[in-house]
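**Q** I need the structure of the sequence given here:
(2 chains)
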Protein chains: 2
Amino acid sequence: MTYCVALLLDQGMVFIADTRTNAGLDDVSTFRKLNIIEKPGDRILALAAAGNLSMSQSVVSLIMEGIEDPETGRVDRLENAPTLFKAVQFVGRAVRQVRAEYRPGLAEADVRFNVSFLFGGQIGAEPMRLFMVYAAGNFIECGQDAPFLQIGEHKYGKPILDRAVTYDMDLYDALKIGLISIDSTMRSNLGVGLPVDLAVMRRDALATEVTHRIEAGEIYFNDLRERWSTALRAAHMAIPRPPYGPKR
Amino acid sequence: MTYCVALLLDQGMVFIADTRTNAGLDDVSTFRKLNIIEKPGDRILALAAAGNLSMSQSVVSLIMEGIEDPETGRVDRLENAPTLFKAVQFVGRAVRQVRAEYRPGLAEADVRFNVSFLFGGQIGAEPMRLFMVYAAGNFIECGQDAPFLQIGEHKYGKPILDRAVTYDMDLYDALKIGLISIDSTMRSNLGVGLPVDLAVMRRDALATEVTHRIEAGEIYFNDLRERWSTALRAAHMAIPRPPYGPKR
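**A** Numbering: from 1, shown residues only, chains lettered A, B, ... in the order given. I've put the predicted structure just below:
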């Protein structure tokens, strides 16, 4: 399994992705699912992938290599996309190209083409934008009302995001909420696990402010998990018991 | 959608079920999904249903009406099942009987037979037992290590159960945690909603201790939701911000 979450805030953007992949429970491994494309001063882009690893890796490789336009011979890349909308269209095109290539083999093996991506960042003076790209290459854009998108095993980690994330919150508070969301997911699904990769991009900086990998045993993340557990326990203990007494 | 959770504890058992059903987002209605079969002093049984309403209602109706044994002519009912194991087998039989009857029509319409049930309680001097019955009529039993089972839209409400529920906790604290789990689910999926039905059965009482319907606007449940939100906010605010500073 995979869990990736991206938050789009007034101050900037946060991407968090776990690294666990599994082909069955006895075949668990670690792969980087968060990719950063950075041209400091010009653009900062992040791409997180979920789904079948063979498919998502092919899409990411194709995106990194670039796609040649058969008419002009020009190679399109994220590095030369003029706008974020053009860039996400390019990601969608890569998805469709890999899909088309794999289709006959997948049909024969009765396997579904199963990938999704979070993609976003900033190009030049354009606003920051965040998108979710589906397996058909179509995509939706994140807005300010629910300023986050998730892919993969998203449900366990959604309640805290629904409650706590607001567009105008501090960038590092948002990172913290994202890590709590990751923690909730890891507790309920063993298929999502450490290490966790994260990236923080401040608006208009056109460069990553932080890229970091949380390894097992990291002091801050362990402390966050423990504090969160303790606080939740205290929180539900403090709520009065239901008044629905025995029937009289 | 539906969300039902049942908890099996040292002190007894709690069942909680929402009542919202929808055939598409523009066709939302309220149906009771929690059924109690009570013969005070002899047995107390609870049955909660999720899945396609036409299918789960047929199963529940068949269970309530009883199934005639074609050989002996005797009508089997939950009221005369000698043990809980026999009772859950009977529920499984009802599922398979409805499934067999609907199969040709469903195959034609390309609709999946989609139901699941939480079933449990106590018969005479037997221990309390809790089961989840699947769409094939097979079932699993709840143990003490993870002393709860869920059906329907279960993921949003699972993290709090994973953290907070223990077999030896107070029965009404367990009810409270169950209601927090329901609240988390209602916040993240509009298809799960009030009213919520609940039943509390104390071990060896062989009768319900509480049956209650929480309607919209109920003071205790509103207060629980608000306190939980406030406490969660305080909890994540109290965690220090991540120390991953700007790259140097």
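**Q** so what's A:Val95 up against?
**A** Contacts for A:Val95 (Cβ atoms under 8 Å, 6 or more residues apart in numbering or on different chains) come out as A:Val59, A:Val115, A:Phe117, A:Val133, A:Tyr134, A:Ala135, A:Ala136, A:Gly137. For glycine as for every other residue, the C-beta is placed from the backbone atoms N, C-alpha and C.
**Q** at 10 Å what do you get?
**A** A:55-56, A:58-59, A:62-63, A:113, A:115-117, A:133-139 (Cβ atoms under 10 Å, 6 or more residues apart in numbering or on different chains).
**Q** how about the secondary structure of it?
**A** Following DSSP: H, G, I helix; E, B strand; the rest coil, the label given to A:Val95 is helix.
**Q** quick check: it vs A:Ala49, distance?
**A** 10 Å (Cβ to Cβ, to the nearest Å).
**Q** now for the two: what residues contact both?
**A** A:Met55, A:Ser56, A:Val59, A:Ile63, A:Val115, A:Ser116, A:Phe117, A:Val133.
**Q** hmm, which two among those are most spread apart?
**A** Across the shared contacts of A:Val95 and A:Ala49, the longest distance by Cβ to Cβ is 14.2 Å; it joins A:Ile63 and A:Ser116.
**Q** comparing those two, which shows the higher neighbour count?
**A** Taking neighbours as other Cβ atoms under 10 Å in any protein chain shown, A:Ile63 and A:Ser116 compare with A:Ile63 leading, 27 against 22.
**Q** thought the more buried one was touching A:Val88?
**A** No - applying Cβ atoms under 10 Å as the test, A:Ile63 and A:Val88 come out as separate, 11.0 Å apart.
**Q** overlap in contacts of the two?
**A** Between them, A:Ile63 and A:Val88 share the contacting residues A:Leu45, A:Leu47, A:Leu78, A:Phe117, A:Phe119, judged by Cβ under 10 Å, 6+ apart.
**Q** near the last one, how many other residues are there?
**A** By the measure other Cβ under 10 Å, the count of residues near A:Phe119 is 28.
**Q** ok, now the third one?
**A** A:Leu78 has 24 neighbours, counted by other Cβ under 10 Å.
**Q** just the first one next, same as before
**A** A:Leu45 is surrounded by 23 other residues when neighbours are defined as other Cβ under 10 Å.
**Q** who's in contact with the closest residue to it other than its chain neighbours?
**A** Spatial nearest neighbour of A:Leu45, excluding adjacent residues (Cβ to Cβ, 6 or more residues apart in numbering or on different chains): A:Gly121 at 3.8 Å. If you count contacts by Cβ under 10 Å, 6+ apart, A:Gly121 has them with A:6, A:12-13, A:15, A:36-38, A:43-47, A:78, A:84, A:87-88, A:128-131, A:199, A:201, A:206, A:208.
**Q** try it again at 6 Å.
**A** When the contact criterion is Cβ atoms under 6 Å, 6 or more residues apart in numbering or on different chains, the partners of A:Gly121 are A:Ile44, A:Leu45, A:Ala46.
**Q** helix, strand, or coil at A:Leu130?
**A** Relying on three-state DSSP, one would call A:Leu130 strand.
**Q** neighbours of it, just the number please.
**A** 25.
**Q** cool, A:Ser184 as well?
**A** Neighbour tally, A:Ser184, other Cβ under 10 Å: 27.
**Q** how about residues contacting the helix or strand of chain A at the bottom of the mean pLDDT ranking?
**A** In chain A, the helix or strand scored least confidently by mean pLDDT, DSSP states H and E is strand A:28-30, which has a mean of 74. Residues from elsewhere that reach strand A:28-30 (Cβ under 6 Å, 6+ apart): A:Thr19, A:Thr21, A:Asn22.
**Q** if you set the cut-off to 7 Å instead, what comes out?
**A** A:Thr19, A:Arg20, A:Thr21, A:Asn22, A:Pro195 (Cβ atoms under 7 Å, 6 or more residues apart in numbering or on different chains).
**Q** nearest to A:Trp228 among these?
**A** A:Pro195 (18.9 Å).
**Q** tell me the pLDDT of the closest one.
**A** Per-residue confidence (pLDDT) for A:Pro195: 93.
**Q** from A:Asn22, how far out is it?
**A** 15 Å.
**Q** which outside residues touch stretch A:222-238?
**A** Outside stretch A:222-238, the residues touching it (Cβ under 7 Å, 6+ apart) are A:179-180, A:183, B:163-164, B:176-177, B:180, B:228, B:231-232, B:235, B:238-239.
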